[in-house]
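Trainee: Pasting a predicted model and its sequence here:
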Amino acid sequence: MTFDNARILLQADSIEKTFRGNRVLDGISMDVHAGEVIALIGPSGAGKSTFLRCLNYLEQPTGGSLSLDGEPVFADPLKPAKSELLSLRRRVGMVFQTFNLFPHLSVIENITMAQRLNGLRSRADAEDYALQLLTQVGVQQKAKARPSECSGGQQQRIAIARALSQDPELMLFDEPTSALDPEVGNDVLKVMRDLAEAGTTMIVVTHEMRFAERVADRVLLLDEGHILEEGSPARVFRHPEHERTSRFLQAVLDR
Amino acid sequence: MTFLENWAEWLPHLLQGLGTSLLLTLCVAGIGFPLGLALALLSIAPVRIVRVLSIAFIEVFRGIPLLVVIFFAYFGFPDIGLVISAFATIVVAHSLNLGAYSSEVFRAGILHVGAGQREAASSLGLTPWHAFSRVVLPQALRAVPGPLMSFLIMVFQSTSLAFAIGVGEMTSQAFSIGSMTFDYLSVLVLAGIIYAVLCIASARIVARFEAKMRA
């Protein structure tokens, strides 16, 4: 599928990040079309997670700018206003490697809390929607349980439901299966594949090359803070332009 | 066995004093713990001057012995036109002391909540206040009951300092009995036993509670 004519949902323009003089992101630009699934791959330390976290400003970039739907997200990207930050984060959902569910709340409260506090839905509607999302990710039987009573795979699927509860236009996944055993990781990947097929716009930092190959519309290989290789999975995985790409793919596929 | 007869005669007076000791403990905890939480919040506030002032306050009241604070309040308050009962003076002085000490427990509880929790709250578009009040604070408060109960036992023991300004709690009751009978040792032994029994029993309950929280 090509997205050349699709609406550009997110535009990242020359995103830079410097940590104490150490340049982690060297001006990364990327257009994300509505409905597109992008896999961010690359060696550890390449800046994949940092770049992803710059997209919802959990990490504030030291340069560059973001646009959503053609509108700049921040009047001044280096001095984000509180309201601009809230608006960005309500439009962009995020799933973390370590789930980060709220341990003091039940599973369903994890999913209803932000809906209610952000004024998105009433309590009753939020609960209905939470149950619907839990059914969608296959964890509805755990609605009343605590996160600690759920397996890792269930917790990550609940975290996906929690992020979806904000009706995000874009979902960010930061190595969502890296903390999981392969067999439960597959349950999570299945949920993500379903989301992709339903047309959810997604950016996924991942080490799951099979997932990237089968589900992503576009693969970006980051290396040392810039995009080394970019293209369809078929092109990046079978006909990489750079020697470094081949070496990286060789190394991960050998594992 | 005359001392047993004496004890039987003194016990009601001591228990009356014990009532005052427990009431003091309750009042001090009721003001001191909320003060501790407030100080903990101020000591991590985003505004630097607020942080500096609250940390200074904590350090000062941790540094000055409680008895000195009590005398300071007792003799100082009237000088600034504040005339309150000896009981209220003790409650104020002791609450300042407890607030300063317990703030460290609250602070540790807040800092113990991981960055991932804050990030998850932020990523959901919660306002900083909601992220703090609904995600960080409830988790922080789950870590504090054990240490706070230990503080409560210490507060109960330190209420004996109220004797210094003539509040009729258990130690001063023991002293007035001693001054009438000249048998200080015997009545203080009885008071000591009452303190110890209550404290040891409470400490055991705290230990059991903490074991349960860990399980």
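Mentor: Yes, it's here.

Trainee: Enumerate the residues of chain B near chain A.
Mentor: Taking CB under 8 Å from any CB of the partner chain as the criterion, chain B approaches chain A at residues B:116-117, B:119-128, B:130, B:134-135, B:138-139, B:142. Any C-beta I mention is one placed from the backbone N, CA and C, and that applies to glycine too.

Trainee: try 10 Å this time
Mentor: B:113-131, B:133-142 (CB under 10 Å from any CB of the partner chain).

Trainee: Please produce a ChimeraX select command covering the buried subset of the residues you listed.
Mentor: Here is the ChimeraX command that selects only those of those that count as buried (16 or more other CB atoms under 10 Å in any protein chain shown):
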select /B:113,117,118,119,120,121,122,123,124,125,126,127,130,131,134,135,136,137,139,140
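
Trainee: out of the residues of chain B next to chain A, which are inside helices?
Mentor: B:115-123, B:128-130, B:137-142 (DSSP state H).

Trainee: Please report the distance of A:Ala198 from B:Gly192.
Mentor: 73 Å (CB to CB, to the nearest Å).

Trainee: try A:Gly153
Mentor: 58 Å.

Trainee: same thing with A:Arg146?
Mentor: 45 Å.

Trainee: Quick check: which element contains residue 178?
Mentor: By default, I'm working from chain A. In the assignment (DSSP states H and E), A:Ser178 maps to no helix and no strand.

Trainee: try chain B instead
Mentor: helix B:170-181.

Trainee: Give me the next element, helix or strand, following that helix.
Mentor: Immediately after helix B:170-181, counting by DSSP H and E, sits helix B:184-214.

Trainee: ok so, going back, looking at A:Gly153 and B:Gly192, which has the bigger crowd around it?
Mentor: Per other CB atoms under 10 Å in any protein chain shown, whichever of A:Gly153 and B:Gly192 has more neighbours is A:Gly153, with 21 against 12.

Trainee: these two touch, right, B:Ala45 and B:Arg107?
Mentor: No. The criterion here is CB atoms under 10 Å, and B:Ala45 misses it with B:Arg107 at 11.6 Å.

Trainee: okay, these two: which has more neighbours?
Mentor: B:Arg107 (21 against 13).

Trainee: Let me know the secondary structure of the more buried one.
Mentor: Secondary structure assignment for B:Arg107 (DSSP: H, G, I helix; E, B strand; the rest coil): helix.

Trainee: how close does it get to B:Ala211?
Mentor: Relative to B:Ala211, and taking CB to CB, B:Arg107 is found at 24 Å.

Trainee: How about A:Val219?
Mentor: Taking CB to CB, one finds A:Val219 at 52 Å from B:Ala211.

Trainee: Among the two, which residue is more densely surrounded?
Mentor: A:Val219 (26 against 10).

Trainee: ok, the nearest residue to that one once chain neighbours are set aside - how many residues close by?
Mentor: The spatially closest residue to A:Val219, leaving aside those adjacent along the chain, is A:Val236, at 4.3 Å (CB to CB, 6 or more residues apart in numbering or on different chains). By other CB under 10 Å, 24 other residues sit near A:Val236.

Trainee: Determine the angle, from 0 to 180 degrees, between the helix or strand hosting B:Pro34 and helix B:184-214.
Mentor: Assigned by DSSP H and E, B:Pro34 belongs to helix B:2-43. Relative orientation of helix B:2-43 versus helix B:184-214 (axes from the mean of the first three to the mean of the last three CA atoms, to 10 degrees): 40 degrees.

Trainee: Okay, angle between helix B:2-43 and helix B:170-181 too, please.
Mentor: 150 degrees.

Trainee: got a list of contacts for the next helix or strand after helix B:2-43?
Mentor: Sequence order places helix B:48-63 as the next helix or strand after helix B:2-43, per DSSP H and E. Residues outside helix B:48-63 that contact it (CB atoms under 10 Å, 6 or more residues apart in numbering or on different chains) are B:35-36, B:38-45, B:47, B:69, B:93, B:95-104, B:107.

Trainee: switch the cut-off to 8 Å
Mentor: B:39, B:42-45, B:69, B:96-97, B:99-101, B:103-104 (CB atoms under 8 Å, 6 or more residues apart in numbering or on different chains).

Trainee: All set now, cheers.
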